[in-house]
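**Q** I'd like to go over a predicted model; first the sequence, then the structure.
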Amino acid sequence: MKFDYDFRNYDFRLILYMIILNVTGVFVVRSAINADSFQDPQVARQIMGAFAGLAMCIGLSLVDYRKITQRSKFIYIFCVLLLIGVKIYGTAAGHGATRWVRVPVLGQVQPAEFVKVGLILFFADYFQKMKDEINFPHVLALAFLYFLIPASLVLLQPNLSTTIIMTVIVACMVFASPIHIRWIAGVLIVSLLFGLLLYYLFRSGLYDKIPLLRGYQAERILTFMNPSENQQGYNQQQNSIMAIGSGLLKGKGLFNHSIFSVKNGDFLSEQDNDFIFAVIGEELGFRGSVIIIIFFLLIVLECLIIASKAKNLSGRLICVGVMAWIGFQTYTNIAVATGLFPNTGITLPFFSRGVSSLLSVYLGLGIVLNVALQRKT
């Protein structure tokens, strides 16, 4: 295979940021589950996922993203079939959610994570082809329909948090496309009115009228709005805030066995997944937490820089989509851990234990690297 690339454009900075975050993430996961060594099955699986993800990322960075987007229709159909398969053959877990399928070698996989990559590729190609007609109502209506099908399938799992992430990704891609400002203003007004309606329904106790909203989801929102009325439901976030605050400036150190540790006292739930930032705050302190946030910010900025130099619209939208995905998911996870958002169940990229999330992020960034490799001079 001949690579007609100028490898002086290869973005080694982005690779470095990913490796630094992932290596730190493996150490934090080991500390979070109190594993004796890196040979612990859960830690070893995370390490294997990191190596496999990085290898796929580098391999995908050498594949022309334009050739991938040309097959976006097949990718979209595969994503929809995958989500239908989850509904039929999936494995149920907490709150009766059916989000996982069991795959040989990999074990339990969450397909919705990979659907994020599929949607980014599909809409990058769609808006590239329709860039001259994007402001026509039928073009936008069709785009909304294309989004509604996989989003509804994910929402029915139920998986509200992933549906929100998918919505943010596609919304940012639409914003970065040549769409007229009147459409953006219209969507913002409708979104604001919808938000006010939801607020009214929760404040007036009519939240049970909201379609597809499950009981545990409504309870999380009510707990966030009135924590004093549901102290038991708020304990999870309260303990997370306490753990982060107890780390002070320098933290208590990874793998510590202190009896004063919130983590070691088993006060944290999902400490290796949704609330892993609480472990980061407690053991690495404010200083370590800020450094990690800075590296996430550097990845977001790098994606935006690559987007500004992309050869065509589809390349730019791919970078914007991946940027929105990593940026929003990181911010939301940290906001939940610090009590700024209601509990959502969103993972922290590169840190939360789970191979599906890790591999999907690497796949997305691998395509971004190829966009960077073909940047405008």
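**A** Now that the structure is in, tell me what you want to look at. This one's a predicted model, so the numbers in the text were calculated from it and none came from an experiment.
**Q** ranges for the helices of this structure?
**A** Taking DSSP state H as the criterion, the chain contains helices spanning 12-32, 41-60, 65-69, 72-89, 111-129, 137-155, 160-176, 181-203, 215-225, 231-246, 276-308, 313-337, 355-373.
**Q** okay if I get those helices as TSV plus distance to Arg99, mean neighbour count and mean pLDDT?
**A** Yep, even glycine has a C-beta here, placed from its N, CA and C like the rest. Conversion of the helices of the chain to TSV gives the following (distance: least, CB to CB, whole Å; neighbours: other CB atoms under 10 Å; pLDDT from 0 to 100):
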stretch	distance to Arg99	mean neighbour count	mean pLDDT
helix 12-32	20	19	96
helix 41-60	18	16	94
helix 65-69	26	19	95
helix 72-89	7	16	92
helix 111-129	6	24	96
helix 137-155	8	15	95
helix 160-176	8	20	94
helix 181-203	24	12	90
helix 215-225	14	17	82
helix 231-246	20	18	86
helix 276-308	19	20	96
helix 313-337	16	24	96
helix 355-373	10	24	95
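**Q** Could you pick out the longest strand of this structure?
**A** Longest strand in the chain, counting residues (DSSP state E): strand 98-103.
**Q** That one pairs with which strands?
**A** strand 91-92 (antiparallel), strand 107-109 (antiparallel) (DSSP bridges).
**Q** Now these in JSON lines, please, with extra columns for mean neighbour count, distance to Ile84 and mean pLDDT.
**A** Formatted as JSON lines, the strands paired with strand 98-103 follow (neighbours: other CB atoms under 10 Å; distance: least, CB to CB, whole Å; pLDDT from 0 to 100):
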{"stretch": "strand 91-92", "mean neighbour count": "12", "distance to Ile84": "15", "mean pLDDT": "75"}
{"stretch": "strand 107-109", "mean neighbour count": "16", "distance to Ile84": "15", "mean pLDDT": "77"}
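**Q** looking at the ones you listed, which is closest to Ala143?
**A** Among those, the nearest to Ala143 by CB to CB is strand 107-109 (28.1 Å).
**Q** Just put the strands paired with strand 98-103 in TSV and tack on distance to Ile15.
**A** Putting the strands paired with strand 98-103 into TSV (distance: least, CB to CB, whole Å) gives the following:
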stretch	distance to Ile15
strand 91-92	34
strand 107-109	25
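**Q** Nearest to Phe51, out of those?
**A** Ranking those by proximity to Phe51 (CB to CB) places strand 107-109 first, at 16.1 Å.
**Q** So what touches the longest strand of the chain?
**A** Under the contact criterion CB atoms under 8 Å, 6 or more residues apart in numbering, strand 98-103 has outside partners 85-87, 89-93, 108-112, 157, 159.
**Q** Stretch 164-181 too?
**A** Contacts with stretch 164-181, where a contact means CB under 8 Å, 6+ apart, come from 115-116, 119-120, 123-124, 127, 131, 134-135, 140, 143, 147, 150-151, 154, 184, 187, 307, 313, 316-317, 320-321, 323-325, 328-329, 332, 344, 346.
**Q** any idea how far Leu348 is from the most centrally placed residue in the chain?
**A** Nearest residue to the geometric centre of the chain (CA atoms, centre = their mean): Gln329, 4.2 Å. Counting by CB to CB, to the nearest Å, the separation of Gln329 from Leu348 is 8 Å.
**Q** Ok, Glu113 next?
**A** From Glu113 to Leu348 the distance is 13 Å (CB to CB).
**Q** what does Asp208 give?
**A** Taken as CB to CB, the span from Asp208 to Leu348 is 32 Å.
**Q** Looking at these two, which one has more neighbours?
**A** Shown here are Asp208 and Leu348; by other CB atoms under 10 Å, Leu348 has more neighbours (25 against 9).
**Q** That one contacts Asn333, correct?
**A** Yes - using CB atoms under 8 Å, Leu348 is in contact with Asn333, at 4.2 Å.
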